[in-house]
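Undergrad: Provided below are the primary sequence and the corresponding predicted coordinates.
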Number of protein chains: 2
Amino acid sequence: MNRRERGSPGTVSVLPLDGIPELRKDDDLGHELYEAAVRAGGLEQGDVVVVAQKAVSKVEGRVVRLADVEPSPRARELAGPDGDPRQLEAILRETLRVVRSRPPLVIAETRHGFVCASAGVDASNAPEGSLVLLPLDPDASAARLRERLVGLAGVDVGVIVSDSFGRAWRQGTTDVALGTAGIAPLRDLRGTVDAAGHELRTTQIAVADEIAGAAELVLGKASAIPAAIVRGVDVRGDGSARELVMPRERDLFR
Amino acid sequence: MNRRERGSPGTVSVLPLDGIPELRKDDDLGHELYEAAVRAGGLEQGDVVVVAQKAVSKVEGRVVRLADVEPSPRARELAGPDGDPRQLEAILRETLRVVRSRPPLVIAETRHGFVCASAGVDASNAPEGSLVLLPLDPDASAARLRERLVGLAGVDVGVIVSDSFGRAWRQGTTDVALGTAGIAPLRDLRGTVDAAGHELRTTQIAVADEIAGAAELVLGKASAIPAAIVRGVDVRGDGSARELVMPRERDLFR
């Protein structure tokens, strides 16, 4: 008996999707992802395709030119001596509420309800002199990509639009799910019983965030790999990434 | 040419380590992990073995019996009408500082500097009438397991001791690294250049937390799979999981 094969049934695999060209507004990202998946061996039923927010935002035209941004007095204040007031203005336009600031750093709550640095506005991997904004509706972005992928591949897959977020209390970013389609982002263990026979009363696992983080392991910010397939996790469902946002009334830290 | 093989070089795999018996104080967890890894096909150079904190705490005797805990007035207050004052007392004994409380829920800073629910004290998957505490020094726990695994397997591997933590602003837990050995927990991209030629100035990726989260995808709280191998991520180094704790002076949320 091949011992290696015995471990296979429960194995999760994360496959990088590379060879995707630099993306521009209105490019067919779904088709690019499909072609890359074919190069990686093809999509399988139940796969989750994780795609970096920046790739999605670019094809959706969610890019602003710094030269077109007129900073407000508030933006100049938040920029401090080291920041670019135009960048802070672009951040403020994406911001529902400033949660913390230490010029030029801003932690903001976005209109989606995400709490993250710079309201998700980012200059890295952006066209020269430009900033990339978060998608307006990341669940809808994920749903459009999923529809295209399912149409091309003929198998049912889930899609996650991911981004790198900082965390309170911990150093470093981890990738999380901003938008989802075809998956249940939370695994609810409430009511199930642990190995010792005790009921698990409060546990919900943010499985979509863990899948996004697992995908990040093969993405790499400095290389041009904007997407990955995560295979072997059964998360099929029809939830929304909004479920991952802590409701204001339950949030002890907003 | 086999297309599937082309995708393999950059692939990350997560293999569950099952068949590990219920653990007790002074059990040889390193040997159990080694045997489980052999059943999964064997350890390879550069593998990261992720093991749930609860398994580590049990063999280290970090278990308290509720019957042995005398609650203080403060514990009774934090328990409220719905909590067990003895459980809150056990939590307070692990707590450096209560960050937030809404009886019987406590978010605490542990002596390690971790900010998490109940100071990591947990009744699920614990022996009847008992609570499991976090290891006293999770880096040291990881180092001991690594030494044992390297000695048995004859290949260099990293070890992460993981636990499920809630997050500010987001629903659900994700697994993070409490202790590490043989790996660099943060991937520092500061000074590297992105695909568009811009220097990445602030990016540090909490790769150990992403690996812990990826492992969680095959662990499952309700089943008895306390560990996994994550293969294909090059994180060799000699860092400490303390690097993942935001220093107090930089923390906007402590």
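TA: Structure received. Numbers count the residues shown, from 1 in each chain, chains lettered A, B, ... in the order given.

Undergrad: how about low-confidence regions in the stretch 101-250 of chain A?
TA: Scanning the stretch 101-250 of chain A for pLDDT under 70 picks out the ranges A:193-202, A:220-223.

Undergrad: Show me the strands in it, by range?
TA: According to DSSP state E, counting those that start in this stretch, the stretch 101-250 of chain A carries its strands in the segments A:105-110, A:115-117, A:130-132, A:158-165, A:174-181, A:187-188, A:204-205, A:227-231.

Undergrad: How far away from the center of its chain is the fourth one?
TA: Remark: strand A:158-165 is offset 2 Å from the chain centroid, using CA atoms, centre = their mean, to the nearest Å.

Undergrad: And for the fifth one?
TA: The gap between where strand A:174-181 is centred and where its chain is centred comes out at 3 Å by CA atoms, centre = their mean.

Undergrad: again, but for the first one
TA: Chain-centre distance of strand A:105-110: 17 Å, with CA atoms, centre = their mean.

Undergrad: on that earlier part again, take the strands of the stretch 101-250 of chain A and write them to CSV, including mean neighbour count and distance to A:A36.
TA: For every residue, glycine as well, the C-beta is placed using N, CA and C. Shown next, in CSV, are these (neighbours: other CB atoms under 10 Å in any protein chain shown; distance: least, CB to CB, whole Å):
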stretch, mean neighbour count, distance to A:A36
strand A:105-110, 21, 29
strand A:115-117, 23, 27
strand A:130-132, 21, 20
strand A:158-165, 28, 14
strand A:174-181, 29, 18
strand A:187-188, 18, 28
strand A:204-205, 21, 29
strand A:227-231, 27, 7
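
Undergrad: Could you dump the ones you listed into TSV and include distance to B:I211?
TA: As requested, the strands of the stretch 101-250 of chain A are arranged in TSV below (distance: least, CB to CB, whole Å):
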stretch	distance to B:I211
strand A:105-110	25
strand A:115-117	22
strand A:130-132	27
strand A:158-165	15
strand A:174-181	10
strand A:187-188	19
strand A:204-205	16
strand A:227-231	14
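
Undergrad: quick one: which of those is nearest B:E94?
TA: Nearest to B:E94, of all those, is strand A:204-205, at 22.8 Å by CB to CB.

Undergrad: Apart from its neighbours in sequence, what residue is nearest the residue nearest the centre of chain A?
TA: The central residue of chain A, meaning the one whose C-alpha is nearest the mean C-alpha position (CA atoms, centre = their mean), is A:S162 at 1.2 Å. Using CB to CB, 6 or more residues apart in numbering or on different chains and skipping the chain neighbours, the partner closest in space to A:S162 is A:A212 (3.9 Å).

Undergrad: Show me chain A divided up by domain.
TA: A:14-62+A:135-242, A:63-131 (automatic domain parsing).

Undergrad: Could you say which of those domains is packed most deeply?
TA: Among those, domain A:14-62+A:135-242 has the highest mean neighbour count (mean count of other CB atoms under 10 Å in any protein chain shown), at a mean of 21.

Undergrad: right, so of the strands of the stretch 101-250 of chain A, which gets closest to B:A241?
TA: Here strand A:174-181 is closest among those (CB to CB), at 14.2 Å.

Undergrad: Run through the neighbouring helices and strands of the closest one.
TA: If you count contacts as 3 or more CB pairs under 8 Å, 6 or more residues apart in numbering or on different chains; DSSP states H and E, strand A:174-181 packs onto helix A:138-153, strand A:158-165, helix A:207-219, helix B:207-219.

Undergrad: Show me where chain A has its helices.
TA: Secondary structure of chain A (DSSP state H): helices located at A:3-6, A:29-39, A:53-59, A:73-79, A:85-93, A:138-153, A:207-219.

Undergrad: for the longest one, packing partners?
TA: The one in question is helix A:138-153. helix A:29-39, strand A:48-52, helix A:53-59, strand A:158-165, strand A:174-181.

Undergrad: Report all helices and strands that the fourth one contacts.
TA: Spelled out, that is strand A:158-165. Strand A:158-165 sits against strand A:48-52, helix A:53-59, strand A:115-117, helix A:138-153, strand A:174-181, helix A:207-219, with contacts defined as 3+ CB pairs under 8 Å, 6+ apart.

Undergrad: switch the cut-off to 7 Å
TA: Applying 3 or more CB pairs under 7 Å, 6 or more residues apart in numbering or on different chains; DSSP states H and E, one finds that strand A:158-165 makes contact with strand A:48-52, helix A:53-59, helix A:138-153, strand A:174-181, helix A:207-219.

Undergrad: cool, and the longest one?
TA: Using 3+ CB pairs under 7 Å, 6+ apart, the elements in contact with helix A:29-39 are strand A:12-17, helix A:53-59, helix A:138-153, strand A:227-231.

Undergrad: Could you dump these into TSV and include distance to A:I91?
TA: Listed next are the helices and strands packed on helix A:29-39 as TSV, based on distance: least, CB to CB, whole Å:
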stretch	distance to A:I91
strand A:12-17	30
helix A:53-59	15
helix A:138-153	18
strand A:227-231	26
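
Undergrad: Among the ones you listed, which comes closest to B:E70?
TA: Nearest to B:E70 among the helices and strands packed on helix A:29-39 is strand A:12-17 (44.7 Å), distances taken as CB to CB.

Undergrad: in its sheet, what does the closest one sit against?
TA: Its sheet considered, strand A:12-17 pairs with strand A:227-231 (antiparallel), strand B:12-17 (antiparallel) by DSSP bridges.

Undergrad: Residues contacting it, please?
TA: The contact list for strand A:12-17, computed with CB atoms under 7 Å, 6 or more residues apart in numbering or on different chains, reads A:33, A:36-37, A:40, A:214-215, A:217-218, A:225, A:227-233, B:7, B:10-14, B:217-218.

Undergrad: With stretch A:56-71 instead?
TA: Identification of contacts with stretch A:56-71 by CB under 7 Å, 6+ apart yields A:23-27, A:29, A:85-90, A:126-127, A:129-135, A:141, A:161.

Undergrad: do that again at 8 Å, thanks
TA: Identification of contacts with stretch A:56-71 by CB atoms under 8 Å, 6 or more residues apart in numbering or on different chains yields A:23-29, A:79, A:84-90, A:126-127, A:129-136, A:138, A:141, A:145, A:161, A:179.

Undergrad: With stretch A:230-239 instead?
TA: With contact meaning CB under 8 Å, 6+ apart, stretch A:230-239 is reached by A:10-15, A:44, A:46-48, A:50, A:156, A:158, A:180, A:182-187, A:207-208, A:211, A:214-215, B:14, B:217-218.
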